[in-house]
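Participant: Fold the following.
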Amino acid sequence: MSQVKRPWELLFAVPVLALVLGAILWTSVDRGVAFEADGIRTEATLAGRYTRSFSQSHPKPDVTHYYAVVRFDHDGTEVEADAEVSYGFYRTVQPGQVVPVTFLSDDPQTVRIDEGFEMSLLIKFVLIALFLVACATVPFAYGVWKRRGSRG
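Facilitator: Below is the predicted model:
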């Protein structure tokens with residue numbers, strides 16, 4: 001017995017997908033707004049770099065994330081913080097080098113080291129979200145169009 005997809009199933013899937021994607025997008029945008037509103041720009045010394053790799057199912061290769069560790073002074077205290085950066089940043093910036101950073105005034109441990117990386121993640125996410133929403137709505141719209149065409 002085969003299951004036939006009904007339009008109401010797609011109508012249910014689209015809002016659920018939109019809510020999930022919206023929640024993820026909200027978190028990203030909220031972080032950006034926090035840095036714009038309460039961020040303090042300063043110069044920091046790159047104290048180190050490290051990577052974290054995550055295994056995926058075989059035969060996919062591991063996913064590697066790149067991080068930078070920075071040190072800077074805030075209110076007379078030396079702060080050491082880390083954040084994820086792009087591969088290009090990780091590869092080109094060497095320990096001891098001075099880099100611009102933005103940190104939150106109420107939480108100096110929360111830093112943005114590679115602004116371009118965070119923006120590119122947001123752009124990629126939005127494009128993926130648009131693609132998924134299109135994939136969810138196109139079959140429904142096509143079904144409606146096909147039914148209207150068969151009536152007249």
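Participant: how would you label R91: helix, strand or coil?
Facilitator: The three-state label given to R91 by DSSP: H, G, I helix; E, B strand; the rest coil is helix.
Participant: What about the residue nearest to A18 when sequence neighbours are not counted, how many residues nearby?
Facilitator: Distances taken as CB to CB, 6 or more residues apart in numbering put V133 closest to A18, at 6.7 Å, once the chain neighbours are dropped. For glycine as for every other residue, the C-beta is placed from the backbone atoms N, C-alpha and C. Applying other CB atoms under 10 Å, we find 14 residues neighbouring V133.
Participant: Hmm, L19 and V133 touching each other?
Facilitator: No - contact criterion CB atoms under 8 Å: V133 and L19 do not qualify, at 11.6 Å.
Participant: circling back: give me the element the residue nearest to A18 is part of.
Facilitator: Assigned by DSSP states H and E, V133 falls within helix 115-151.
Participant: What mean pLDDT does that helix get?
Facilitator: Taken as a whole, helix 115-151 has a mean pLDDT of 70.
Participant: Which parts of this protein are helices?
Facilitator: In the chain, the helices defined using DSSP state H lie at 7-38, 87-92, 115-151.
Participant: of those helices, which approaches Y67 most closely?
Facilitator: Y67 lies closest to helix 87-92 among the helices of the chain, at 7.8 Å (CB to CB).
Participant: mean confidence score for the closest one?
Facilitator: Average pLDDT, helix 87-92: 93.
Participant: Run through who's touching it.
Facilitator: By CB atoms under 8 Å, 6 or more residues apart in numbering, the list of residues contacting helix 87-92 from outside reads 49, 51, 66-68, 113-114, 116-117.
Participant: Quick check on those residues: which are buried?
Facilitator: Using 16 or more other CB atoms under 10 Å as the burial test, the contacts of helix 87-92 include 49, 66, 68, 113-114, 117 as buried.
Participant: and those residues, which two are the farthest apart?
Facilitator: Maximum pairwise distance among the buried ones among the contacts of helix 87-92 (CB to CB): 13.5 Å, between R49 and F117.
Participant: tell me which residues of the longest strand along the chain are tucked away?
Facilitator: As assigned by DSSP state E, the longest strand anywhere in the chain is strand 39-54. Residues of strand 39-54 classed as buried: 39, 42, 44-46, 49 (neighbour count, 16+ other CB under 10 Å).
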